[in-house]
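# Make a model of this:
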Amino acid sequence: MKITCPKSKRHKRFSVSAHEVHDWKVDETGEFVKDMGCIDIAHSPERGDLFTCCTCGAEAKVDD
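Residues are numbered from 1 along each chain as shown. Now for the predicted structure:
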């Protein structure tokens, strides 16, 4: 996968969503108490996701 900014080839950092699985500490009613940290990745960034240039905010182009 090759991610490029349509405004400048010099822009090399992009934001994209990933879905993490976290363990939580909860109380006796199941209410959140504390995030125990990431234990797995449910969805890593893929070609069909929205990548945004961190420098200028443009929607990035994604190629194979």
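
# and residue 7, how many neighbours does it have?
Residues within reach of residue 7, counting by other Cβ atoms under 10 Å, total 13. (Each C-beta comes from the backbone N, C-alpha and C, glycine too.)

# isn't it right up against residue 59?
No. Counting by Cβ atoms under 8 Å, residue 7 does not reach residue 59; the two are 10.1 Å apart.

# which non-adjacent residue is nearest the most centrally placed residue in the chain?
Centroid check for the chain by Cα atoms, centre = their mean gives residue 17 as the closest residue, at 2.6 Å. Among residues not flanking residue 17 along the chain, residue 49 sits closest, at 6.5 Å (Cβ to Cβ, 6 or more residues apart in numbering).

# That neighbour: neighbour count?
The burial count for residue 49: 12, using other Cβ under 10 Å.

# I'd like the distance between it and residue 57.
From residue 49 across to residue 57, the span is 16 Å (Cβ to Cβ, to the nearest Å).

# hang on, the earlier thing: list the contacts for the residue nearest to the centre of the chain?
Counting by Cβ atoms under 8 Å, 6 or more residues apart in numbering, residue 17 makes contact with 45, 49-50.

# if you set the cut-off to 10 Å instead, what comes out?
43, 45, 49-52 (Cβ atoms under 10 Å, 6 or more residues apart in numbering).

# Tell me the confidence at residue 64?
Looking at residue 64, its pLDDT stands at 84.
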